[in-house]
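*Asks:* just coords:
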Ligand SMILES: COc1ccc(/C=N/OCC(=O)N2C[C@@H](C)O[C@@H](C)C2)cc1OC1CCCC1
Ligand SMILES: [Zn+2]
């Protein structure tokens, strides 16, 4: 039978159409989209971007109903109870990636398969996230840390989870791809999701900087990327930047994501306290440091990454950088006075 227009049944088709008309904008409101899509933000986002906007499913003989069934399973395996690492975050990273890959400086630089891999990787990159960090899983000898020997534990688990479902016949939307395409697609998705591991941030950033220095922008204003490694590096940079893009979004959206990640960190801290473990940084709800932590995260992680991406994709990403600076000022101006130490 024919699929619903947006991949999922919605109450208000006009409201949904209006939102979908904004799908290429940076300040897209994912929280509103989650409501209008009747809590299926990831299924509808994936269908709208891959089918309606980019017609990528047809390009690779992907059966849309099978793909939708698969995405419902992926969405169901994001934990609704996670304040931050839930299906809305997966849809957010996918939509952000869709916007960056739409800029002319990278458009037509990447093949359809590379674009498909980057968007799919974004959609599945945190599936079955437990709302706990790699460090916590290792510290508590969680079975996942044992399975993956403390290395990129969550990122390996997200990938294995997504690909295991693909093994099931009624979910295997990739059966229409030829073997070579499917092999390359799998390799790229693995390389992209593994690059979302925050412990790889500094080395990834250093490599992107090297590429920016050497990158030749052709006379038609398009990036010239020679090797697979260079192309993958730029895509890894795009997906990783989208994964920590909250602070580059409009302030109300950024504040909503901040509330969510902080609550998720606090819930981890509650677990650490109960277990008698040292609390991870920023995870102690009894000693909040939200403003200072956000300013620190922006100064040391987000801004250096987005400045580099802004150089690579110049003149694009300037909207992100200006919002990032405004958002930094918002939190910087609210850092509480440290209690004056009484010199006695
Ligand atoms: C909107 O804010 C954020 C968006 C995204 C992220 C993503 N962080 O990824 C790293 C991570 O999850 N962990 C786990 C944590 C327990 O330990 C960490 C050292 C590593 C963090 C954000 O803010 C944090 C940083 C400053 C205040 C809160
Ligand atoms: Zn993520």
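*Replies:* Looks like it came in fine. Note that the structure is predicted; figures quoted are calculated from it, not measured. Ligands and ions are numbered 1, 2, ... in the order given.

*Asks:* can you list the buried residues in whichever helix or strand residue 206 is part of?
*Replies:* Assigning secondary structure by DSSP states H and E places residue 206 in helix 201-214. For helix 201-214, burial by neighbour count (16 or more other CB atoms under 10 Å) applies to 201, 204-205, 207-209, 211-212. Where you see a C-beta, it was placed from the backbone N, CA and C, and this is true even at glycine.

*Asks:* tell me the pLDDT of residue 221.
*Replies:* pLDDT recorded at residue 221 is 73.

*Asks:* low-confidence ranges in this protein?
*Replies:* In the predicted model, the chain carries pLDDT under 70 at residues 1, 216-220, 344.

*Asks:* so which elements touch the helix holding residue 206?
*Replies:* helix 228-243, helix 303-312 (3 or more CB pairs under 8 Å, 6 or more residues apart in numbering; DSSP states H and E).

*Asks:* reformat those helices as TSV; add distance to ligand 1 and mean neighbour count.
*Replies:* What follows is the helices and strands packed on helix 201-214, written out as TSV (distance: least, CB to the nearest ligand atom, whole Å; neighbours: other CB atoms under 10 Å):
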stretch	distance to ligand 1	mean neighbour count
helix 228-243	7	21
helix 303-312	12	19
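
*Asks:* dump those helices to CSV, plus distance to residue 252.
*Replies:* Listed next are the helices and strands packed on helix 201-214 as CSV, based on distance: least, CB to CB, whole Å:
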stretch, distance to residue 252
helix 228-243, 19
helix 303-312, 19
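
*Asks:* using CSV, please lay out these together with distance to ligand 2.
*Replies:* As requested, the helices and strands packed on helix 201-214 are exported to CSV (distance: least, CB to the ion, whole Å):
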stretch, distance to ligand 2
helix 228-243, 4
helix 303-312, 14
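
*Asks:* so which of these gets nearest residue 155?
*Replies:* Residue 155 lies closest to helix 228-243 among the helices and strands packed on helix 201-214, at 10.7 Å (CB to CB).

*Asks:* give me the contact list for the closest one.
*Replies:* 93, 96-97, 100-101, 106, 109-110, 114, 117-118, 121-122, 125, 188, 191-193, 195-196, 201, 204-205, 207-208, 211, 223, 225, 305-306, 308-309, 312 (CB atoms under 8 Å, 6 or more residues apart in numbering).

*Asks:* can you tell me the residue of the stretch 1-150 of the chain closest to ligand 1?
*Replies:* residue 133 (3.5 Å; CB to the nearest ligand atom).

*Asks:* can you count the residues close to that residue?
*Replies:* 18 (other CB atoms under 10 Å).

*Asks:* could you do the one 5 residues further on as well?
*Replies:* Here the count is done by other CB under 10 Å, and residue 138 has 17 residues near it.

*Asks:* report the contact partners of it.
*Replies:* Per CB under 8 Å, 6+ apart, neighbours of residue 138: 145, 150, 153.

*Asks:* hmm, back to that, closest to residue 21 among the buried residues of helix 201-214?
*Replies:* residue 208 (32.4 Å).

*Asks:* top helix in this structure by residue count?
*Replies:* With secondary structure taken from DSSP state H, the chain has its longest helix at helix 251-274.

*Asks:* surely residue 335 meets residue 292?
*Replies:* Yes - counting by CB atoms under 8 Å, residue 292 is a contact partner of residue 335 at 5.3 Å.

*Asks:* and the stretch 201-344 of the chain, which residues reach ligand 2?
*Replies:* Neighbours of ligand 2 within the stretch 201-344 of the chain, by CB under 5 Å from the ion: residue 243.

*Asks:* tell me which stretches of the stretch 1-150 of the chain form helices.
*Replies:* Under the criterion DSSP state H, counting those that start in this stretch, helices of the stretch 1-150 of the chain are mapped to 13-20, 30-36, 41-47, 56-59, 64-76, 87-100, 112-124, 134-139, 143-147.

*Asks:* turn the ones you listed into JSON lines, columns for distance to residue 287.
*Replies:* Formatted as JSON lines, the helices of the stretch 1-150 of the chain follow (distance: least, CB to CB, whole Å):
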{"stretch": "helix 13-20", "distance to residue 287": "39"}
{"stretch": "helix 30-36", "distance to residue 287": "28"}
{"stretch": "helix 41-47", "distance to residue 287": "33"}
{"stretch": "helix 56-59", "distance to residue 287": "47"}
{"stretch": "helix 64-76", "distance to residue 287": "35"}
{"stretch": "helix 87-100", "distance to residue 287": "26"}
{"stretch": "helix 112-124", "distance to residue 287": "34"}
{"stretch": "helix 134-139", "distance to residue 287": "18"}
{"stretch": "helix 143-147", "distance to residue 287": "27"}
